[in-house]
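>>> fold the following for me, if possible:
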Amino acid sequence: MNEVYNRSREVREAIQAGERARASLQEADRQLASAGSWGLIDIFGGNTVSGLMKHMKVNNASRCVEEARRDLDAFRNELGDLRDIDGLNVDIDGFLTFADFFFDGFVADLFVQSKISRGRQQVQEAIRRVDDILRQLRSVQF
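Next up is the predicted model:
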């Protein structure tokens, strides 16, 4: 069935997908921040409990990053449905590479901290990109 293009509906759907992506990225950022805090405790005199908490938080962050990856992909697909608005794209390739790299084999606590910090920077950059696109979408919606 060939559906009639409805710009308003497509913009609304893109905004909703962008808001979901932003929310999951923010949760990933919170989880990475928490993992980083527990990692610092672990480095500076932590114990078994702090080590377990750090790994639990890293696992939580991993799940959140996977959810953010799915939500960003859905957002990119919704942006692709917008036929008459140029210049809107979300480049998630760098984020996907980070997500694959981030959770492979931790070697030392300092290396973990470095990965967590880089991961947070990339998540925060993705949030900024999503926010920019959402601002553009909202300006064409009205």
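>>> quick test: name the residue nearest the centre of the chain.
L25 (3.3 Å; Cα atoms, centre = their mean).
>>> wait, doesn't that one sit right on R129?
No: the criterion here is Cβ atoms under 8 Å, and L25 misses it with R129 at 9.5 Å. C-beta coordinates here come from the backbone N, C-alpha and C atoms, glycine included.
>>> mean confidence score for the strand or helix carrying V112?
If you go by DSSP states H and E, V112 is part of helix 109-141. Here helix 109-141 scores 84 as its mean pLDDT.
>>> that one - contacts with which helices or strands?
helix 7-43, helix 48-80, helix 93-102 (3 or more Cβ pairs under 8 Å, 6 or more residues apart in numbering; DSSP states H and E).
>>> again, only using 6 Å
For helix 109-141, the elements it packs on are helix 7-43, helix 93-102, judged by 3 or more Cβ pairs under 6 Å, 6 or more residues apart in numbering; DSSP states H and E.
>>> so can I have CSV of those helices showing distance to R138 and mean pLDDT?
Listed next are the helices and strands packed on helix 109-141 as CSV, based on distance: least, Cβ to Cβ, whole Å; pLDDT from 0 to 100:
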stretch, distance to R138, mean pLDDT
helix 7-43, 7, 88
helix 93-102, 23, 53
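>>> out of those helices, which is closest to D81?
Across the helices and strands packed on helix 109-141, D81 has its closest neighbour in helix 7-43 (4.9 Å, Cβ to Cβ).
>>> give me the buried positions along that closest one.
10-11, 13-15, 17-18, 20-22, 24-36, 38-39, 41-42 (16 or more other Cβ atoms under 10 Å).
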